[in-house]
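Engineer: structure for this input, please:
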Amino acid sequence: MDIKKKAKKKPKKIAKPKLVVNEKHKLELRHLRPSDYESVQKIMNMVFSKAFDGAWTKEEFERQINIFPEGQIAIEDKGEVIAAAISMIILYNDHGDKHTYHSITGGGGLPNHNPEGDSLYGVDVFVNPKYQGLRLGRRLYDARKEVCEKFNLRRIIVGGWLPGYKDHESKMTPQEYVNLVKQKELFDPVLSFQLANDFHVRRIVTNYFPDNKGYSSYACLLEWLNIYYEDDERIIGGKKTVIRVGAVQWQMRSVRSFEELRDQVEFFVDTVASYNADFCLFPEFFYAPLLTQFNKMSASNAVRALAEHTERMKDEMVKLAVSYNINIITGSMFEYEDQELRNVSFLCRRDGTYDSQYKLHATPDERSYWGVTGGDSLKVFETDAGRIGILICYDVEFPELTRILAERGIDILFVPYYTDTKNGYLRVRKCAEARAIENEIYVVMTGSVGNLPNIENMDIQYSQSAVFTPSDFSFPHDAIAAEATPNTEMTLIADLDLDLLKEVRRKGAVRNMMDRRLDLFRIEWLGKIL
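Structural biologist: Sure thing, here's the model as predicted:
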């Protein structure tokens, strides 16, 4: 019997999957911008509304970007932010392991951000739920590590809440829960992720999130150590914590030449520098004695002629700053360019560089007599003795300017002024005192005394130079570090402790900067900030 063999069927070939480039996404890692707020708000409300209070306010978000733009990181997909990380720098010993989320973040405004700190603190990480599974959180954590290394910080600290612990709270302690997660016996959406990104548990804390709507208030403080961190052990050139400032209460007197005035300037620079001061402040229009050369001109023509000496005087003061190893704030001088007369102060650093700040508000007198035009930019100056600001006379009477500078981290504000009457002087003084208290900074002010006969609009001056402090227990009882004898030519020297500013901002009897209601008001600067 013939048995026909069935032919073996050839196995079907399995088509290899084609490599298809995913065109659904176009991801880009970048820094956050103020214009990203709506996207960020939407994500935060989706992610945090159940356990917390949703998104930061727009004002808080913009402040985070303003004070530390490098630490605010976004991932965008085709132009829309889909994930972000918020961070700040802190000096960790100022807070320790027992802090809460609110105490360290200040409710979103990040008042504890300290550019001189040693640790990067992770404030928030959030990812649009539609993009879960793309490991965007890992990208953000890697970017944070780059920031930590770039700024030579010792560590990254994050507070990781334990969303999974609420299901085990009746059966085990938080320590037991954390150990089981570390051993991968349990999975926690937050802690497991952080451990996978090379963080280790530093401490378990209670009430880290006291208001997280029914979820466990326990959290882990986790730490990532920067193996590239290098201790700054420099004895020479390190950051100072006590700054010595000098102010020259300048006598107006007639001079016969530029050289004679220059010699007077050098005398006072030498005097202040002999006390090893870091700054020397001169008054507004200190070089007005040169107007005696032009007293036959009208007032407006005379100051334009005086402006021809400005560049030369600035160059001389740069040389003096280097020669006497002191930073000089040149009071103010006239600048006349392109038929525009402005009032400008120069910062002459002792490293040979210089910068300028224009007076933003010309007084009615300056406009009517001389035709002075106000500047349009506000600057924060970096120096080897800290971050400072300069406001010329009338500008200190506009509190918004000092607040903007304070939000950008200045510790000392210098105010050169020119006043001819006591009531004019008191306007400047009382506003300067208020600026020190409300912004928790030091304010140094100085003016000129004496008279210049036969010089129109510069006849007589009134001054009592002073250095003002915040008003709290760590400072003088009257919030005055030093003040000069009224209407007497002299120098004023004072030591300013920058650590005391940090203390009052964080632990003062009142905390003006920290306690601002950013949900109710804000200051919006429309000009240039450099």
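
Engineer: helices or strands up against the longest helix along the chain?
Structural biologist: Ranked by residue count under DSSP state H, the longest helix found in the chain is helix 422-439. Here helix 422-439 touches helix 399-407, strand 412-416, strand 442-446, strand 466-468, going by 3 or more Cβ pairs under 8 Å, 6 or more residues apart in numbering; DSSP states H and E. In this view, the C-beta of every residue, glycine as well, is placed from N, C-alpha and C.

Engineer: adding mean neighbour count, distance to Phe346 and mean pLDDT as columns, could you present those in CSV?
Structural biologist: Putting those into CSV (neighbours: other Cβ atoms under 10 Å; distance: least, Cβ to Cβ, whole Å; pLDDT from 0 to 100) gives the following:
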stretch, mean neighbour count, distance to Phe346, mean pLDDT
helix 399-407, 19, 17, 95
strand 412-416, 28, 11, 98
strand 442-446, 29, 15, 98
strand 466-468, 26, 21, 98
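
Engineer: which one of these lies nearest to Ile328?
Structural biologist: Smallest distance to Ile328 across those (Cβ to Cβ): 10.5 Å, for strand 412-416.

Engineer: just checking: what are the partner strands of the closest one?
Structural biologist: strand 386-390 (parallel), strand 442-446 (parallel) (DSSP bridges).

Engineer: what does the last one contact?
Structural biologist: I take that to be strand 442-446. 245, 247-250, 279, 281-283, 331, 396, 411-417, 428-429, 432-433, 435-436, 463, 465-469, 481, 484, 492, 494, 496, 501 (Cβ atoms under 8 Å, 6 or more residues apart in numbering).

Engineer: how about the nearest residue to Pro111 once chain neighbours are set aside, what does it touch?
Structural biologist: Excluding the flanking residues, the one nearest Pro111 by Cβ to Cβ, 6 or more residues apart in numbering is Met514, at 4.2 Å. Contacts of Met514 were listed using Cβ under 8 Å, 6+ apart, and they are 106, 109, 111, 505-506.

Engineer: swap in 7 Å and give it another go.
Structural biologist: 106, 111, 505 (Cβ atoms under 7 Å, 6 or more residues apart in numbering).

Engineer: now render those residues as TSV, adding secondary structure and neighbour count.
Structural biologist: TSV is the format used below for the contacts of Met514 (DSSP: H, G, I helix; E, B strand; the rest coil; neighbours: other Cβ atoms under 10 Å):
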residue	secondary structure	neighbour count
Gly106	helix	21
Pro111	coil	22
Arg505	helix	20
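
Engineer: as a markdown table, these with pLDDT and distance to Ala219 would be great.
Structural biologist: Formatted as a markdown table, the contacts of Met514 follow (pLDDT from 0 to 100; distance: Cβ to Cβ, whole Å):
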| residue | pLDDT | distance to Ala219 |
| --- | --- | --- |
| Gly106 | 80 | 18 |
| Pro111 | 88 | 21 |
| Arg505 | 86 | 25 |
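
Engineer: quick one: which of the residues you listed is nearest to Asp365?
Structural biologist: Arg505 (37.0 Å).

Engineer: quick one: residues contacting that closest one.
Structural biologist: 111, 440, 511, 513-514.

Engineer: now with 10 Å?
Structural biologist: Residues near Arg505 by Cβ atoms under 10 Å, 6 or more residues apart in numbering: 111-112, 114, 406, 439-441, 470, 511-514.

Engineer: for the stretch 251-400 of the chain, what spans make up the strands?
Structural biologist: Taking DSSP state E, counting those that start in this stretch, the strands of the stretch 251-400 of the chain run over residues 279-281, 327-329, 333-337, 340-348, 354-358, 377-378, 381-383, 386-390.

Engineer: okay if I get those as TSV plus mean neighbour count, distance to Trp161 and mean pLDDT?
Structural biologist: Formatted as TSV, those follow (neighbours: other Cβ under 10 Å; distance: least, Cβ to Cβ, whole Å; pLDDT from 0 to 100):
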stretch	mean neighbour count	distance to Trp161	mean pLDDT
strand 279-281	27	46	98
strand 327-329	26	46	98
strand 333-337	18	56	95
strand 340-348	22	46	97
strand 354-358	20	45	97
strand 377-378	17	40	94
strand 381-383	18	37	94
strand 386-390	24	34	95
